[in-house]
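1. this is the structure alone, sequence omitted:
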């Protein structure tokens, strides 16, 4: 009898404790929503109204976060959730999140449904003779009508994952037979197909195991991040449990391979390659590649389509010396698996470096400086600063009587704003470089105060579609002053906003300290403006002379993101144009266009750009093996025709600086890196055109 009373008392205590925890979590969730609202309304650059329009934007983003590839919810599920479409702002005020509750409940049920689907589907061989297709563009997809149609969608999805693995095995076996590789075990088609399905099954088991572990805090993070991103694409909520990956989320740099990634329509997309990183040295991972799956060495690949970026981070990161295999969907549609050995980024490769460029039979030598990013070490008193390094490289070039300069900002994603000002100051006397505006008050101007011009020769600045932020500010300043000519893509990335990280605990009064930690908010609080009054936001910087690029027909950059802030303008700053502006810009444009039209390499680049556009628009993947192989072979054949884009240009010479020779003679590693870099420069047709433009500049 005593034992029974003890058990009853223990059960009652457990129920009471569970109730207390649940009540406390509910109170914390309520406070968190209100704190996020307060931080956004008081700190965001734009005056945000939490109203029905805001709720609709939040709802759309929340559905995307929950089920971007439309592989879990049905039409009936979405209709059930749409009754909350205009209510999110009211739910934040009340702290009663009916949308989150309903969506989480449905998602749990659908995960259980689809878990049964994939196990059943993968238990039998696929028929690869059927003429089926899989749509891979979420914007062209529709929600399944019911569970039967959802199962049909999963069958095609799993068939696609299997066919990519199967085709790789067939290719590998074909190569082994051609090379008469006796160590390779020849297998039948049925054996390879079964093995491919087994690998997909393991990948699905791993992914669903992760999905089933998502708890209320995870769902809460998805919800509040959608609320934050309804303001603009760079405002995000980070839950306390994401602290381990917080710095990675901020910089996008993944330890181990050195790539910057972002979530895009359910895919993990590469948006930058860190110079000097394993990815950069390996050379096959490119901007705009989509990562489909990740494998550790020889282990089975894990499908990461639809996976949250922080989960993908955990798979891609790893210890130095270990192998990670990434299955990619290239911009031209080719499915390719690459191997990268994780390593530490060679920091020196991120620094500015220079060379001398010269066209054959041309007396004019031109200085060239490559700046991968606007770096600055704020943790050390005498830490590295890109502005000081650029100044040093200019001094080395001037010592060799170089009076013309090409400054290369292609693929430069930005960095230190003050260094932009200091670098621009090397080319002008004094004056404003950029205007920075907060939500209230007048813009403040960052100006160069040094009256000395460190370099007064001709100047060309090179940019492309992923030159962003600080790169855009420098290019814009060069244009506005008439200090030089900007050449490259039609426009740069278009990120003209500034973010700061807000600790949400700072918004709590003392009575609620027990709820800490609440997490952090990355908040857009300022906007960049050119000195002419226009912003670099959304539209970027338009090149003075536009050159063909691989992505000229594909929209990339800020305008691709959800709800980007718009282009606006303010009053121009007071500044004086450069005393020796380029006098023949129209002539330069005309002559450049004529040269480009006759250059076979630029013709290939133009053809490749159209091919990439064609492949990007062709979003239906054939699931018939012969048709799939035919398409992949066509892509490979087309790619082979574009190999000459990177052939060595005989009339272009690259020469190391005399000041760098002593180190090249004493440091074999540095010498090898410099020699490889010089070879790459000789393959760059854009540099050849830059030299032609430079020669004609007046």
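-> Cool, the structure landed. Remember, it's a predicted structure, so these values are computed and weren't measured experimentally. Residues are numbered from 1 along each chain as shown.
2. ranges for the strands of the stretch 401-550 of the chain?
-> Remark: strands assigned in the stretch 401-550 of the chain by DSSP state E, counting those that start in this stretch are 404-408, 431-438, 444-448, 458-463, 485-488, 497-503, 520-529, 545-546.
3. wait, which of these is closest to residue 672?
-> strand 404-408 (21.3 Å; Cβ to Cβ). Every residue, glycine included, has its C-beta placed from N, CA and C.
4. so which of the strands of the stretch 401-550 of the chain is nearest residue 568?
-> strand 520-529 (7.6 Å).
5. what packs against that closest one?
-> Packing contacts for strand 520-529, counted by 3 or more Cβ pairs under 8 Å, 6 or more residues apart in numbering; DSSP states H and E, involve helix 2-43, strand 236-238, strand 431-438, strand 497-503.
6. hmm, back to that, mean pLDDT lowest where, among the strands of the stretch 401-550 of the chain?
-> Note on those: lowest mean pLDDT is at strand 497-503, with a mean of 92.
7. got the strands of the stretch 401-550 of the chain as TSV, with distance to residue 343 columns?
-> Output for the strands of the stretch 401-550 of the chain, formatted as TSV (distance: least, Cβ to Cβ, whole Å):
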stretch	distance to residue 343
strand 404-408	25
strand 431-438	36
strand 444-448	37
strand 458-463	29
strand 485-488	31
strand 497-503	29
strand 520-529	29
strand 545-546	37
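8. show me where pLDDT drops low in the stretch 51-200 of the chain?
-> Residues of the stretch 51-200 of the chain meeting the criterion pLDDT under 70: none.
9. which stretches in it count as helices?
-> 52-67, 75-82, 88-94, 98-121, 147-178, 189-212 (DSSP state H, counting those that start in this stretch).
10. out of those helices, which gets nearest to residue 673?
-> Among those, helix 147-178 sits nearest to residue 673 (Cβ to Cβ), with 32.1 Å.
11. contact partners for residue 450?
-> 425, 430 (Cβ atoms under 8 Å, 6 or more residues apart in numbering).
12. from residue 436, how far out is it?
-> Separation of residue 450 from residue 436 (Cβ to Cβ, to the nearest Å): 20 Å.
13. mean pLDDT lowest where, among the helices and strands packed on strand 520-529?
-> helix 2-43 (a mean of 69).
14. pull out the buried residues from stretch 389-407.
-> 389, 390, 391, 393, 394, 396, 397, 402, 404, 405, 406, 407 (16 or more other Cβ atoms under 10 Å).
15. just the helices in the stretch 301-450 of the chain please.
-> 309-316, 386-399, 417-424.
16. and those as CSV, adding mean pLDDT and distance to residue 480?
-> Formatted as CSV, the helices of the stretch 301-450 of the chain follow (pLDDT from 0 to 100; distance: least, Cβ to Cβ, whole Å):
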stretch, mean pLDDT, distance to residue 480
helix 309-316, 76, 36
helix 386-399, 96, 19
helix 417-424, 96, 10
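17. want to throw the ones you listed into TSV with distance to residue 356?
-> Putting the helices of the stretch 301-450 of the chain into TSV (distance: least, Cβ to Cβ, whole Å) gives the following:
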stretch	distance to residue 356
helix 309-316	39
helix 386-399	8
helix 417-424	20
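18. quick one on the thing from earlier: wait, which of the strands of the stretch 401-550 of the chain is closest to residue 479?
-> Going by Cβ to Cβ, the one of these nearest residue 479 is strand 485-488, 5.6 Å.
19. can you pull up the bridge partners for residue 655?
-> Counting by DSSP bridges, residue 655 is bridged to residue 356.
20. could you do residue 501 as well?
-> residue 522.
21. that one: what's it in contact with?
-> So residue 501 contacts 250, 520, 521, 522, 523 (Cβ under 8 Å, 6+ apart).
22. tell me the one of the residues you listed nearest residue 365?
-> Of the contacts of residue 501, the one sitting nearest to residue 365 (Cβ to Cβ) turns out to be residue 250, at 41.5 Å.
23. sorry, back to before: just so I know, which of the helices of the stretch 301-450 of the chain lies nearest residue 83?
-> helix 309-316 (30.0 Å).
24. can you give the distance of the closest one from its chain's centre?
-> 14 Å (Cα atoms, centre = their mean, to the nearest Å).
25. surely residue 358 meets residue 364?
-> Yes. Judged on Cβ atoms under 8 Å, residue 358 makes contact with residue 364 at a distance of 7.3 Å.
26. what is in contact with these two at once?
-> Counting by Cβ under 8 Å, 6+ apart, the residues touching both residue 358 and residue 364 are residue 691.
27. quick one: which two of the buried residues of stretch 389-407 are the most distant?
-> 389 and 404 (19.9 Å).
28. so what's the residue count around residue 553?
-> 15 (other Cβ atoms under 10 Å).
29. contacts only, for the residue lying closest to residue 468 once chain neighbours are set aside.
-> Computed as Cβ to Cβ, 6 or more residues apart in numbering, the closest residue to residue 468 that is not its neighbour in sequence is residue 493, at 3.6 Å. Shown in contact with residue 493 (Cβ under 8 Å, 6+ apart): 413, 465, 466, 467, 468, 469, 472, 540, 556, 557, 558.
30. what's near enough to touch residue 296?
-> 315, 318, 322, 323, 324, 325.
31. what about the residue nearest to the spatial centre of the chain, which SS state?
-> The chain has residue 271 as the residue nearest its centroid, 2.7 Å off, counting by Cα atoms, centre = their mean. For residue 271, the secondary structure call by DSSP: H, G, I helix; E, B strand; the rest coil comes out as strand.
32. in this structure it contacts residue 263, no?
-> No. Counting by Cβ under 8 Å, residue 271 sits too far from residue 263 to count as a contact (10.6 Å).
33. quick check: bridge partners of residue 542?
-> Going by DSSP bridges, residue 542 forms beta bridges with residue 491.
34. what about it, how many neighbours?
-> So residue 542, with other Cβ under 10 Å, has 15 neighbours.
35. you'd agree it is up against residue 490?
-> Yes. Assessed by Cβ under 8 Å, residue 542 is found in contact with residue 490 at 6.5 Å.
36. of the contacts of residue 501, buried ones?
-> Using 16+ other Cβ under 10 Å, the buried ones in the contacts of residue 501 are 520, 521, 522, 523.
37. hang on, the third one packs against residue 499?
-> Yes. Residue 522 sits in contact with residue 499 when judged by Cβ under 8 Å, with a separation of 5.2 Å.
38. shared neighbours, those two?
-> 234, 235.
39. quick one: contacts for the residue nearest to residue 200 when sequence neighbours are not counted?
-> Counting by Cβ to Cβ, 6+ apart, residue 200 lies nearest to residue 161, which is 4.8 Å off, once chain neighbours are set aside. With contact taken as Cβ under 8 Å, 6+ apart, residue 161 is in contact with 200, 203, 303.
40. just to revisit the earlier point, so for residue 644, which of the helices of the stretch 301-450 of the chain sits nearest?
-> helix 386-399 (31.2 Å).
41. and that closest one, what other elements does it pack with?
-> strand 353-359, strand 365-370, helix 417-424.
42. quick revisit: nearest to residue 88, out of the helices of the stretch 301-450 of the chain?
-> Nearest to residue 88, of all the helices of the stretch 301-450 of the chain, is helix 309-316, at 23.0 Å by Cβ to Cβ.
43. list the buried ones in the closest one?
-> 309, 310, 311, 312, 313, 314, 315, 316.
44. which helices and strands sit right next to that helix?
-> So helix 309-316, by 3+ Cβ pairs under 8 Å, 6+ apart, packs with helix 246-251, strand 259-264, strand 290-296, strand 323-329.
45. run a quick check on residue 455 versus residue 404, I expect a contact.
-> No. Contact criterion Cβ under 8 Å: residue 455 and residue 404 do not qualify, at 9.6 Å.
46. let me know which of the strands of the stretch 401-550 of the chain is the nearest to residue 298.
-> strand 520-529 (37.8 Å).
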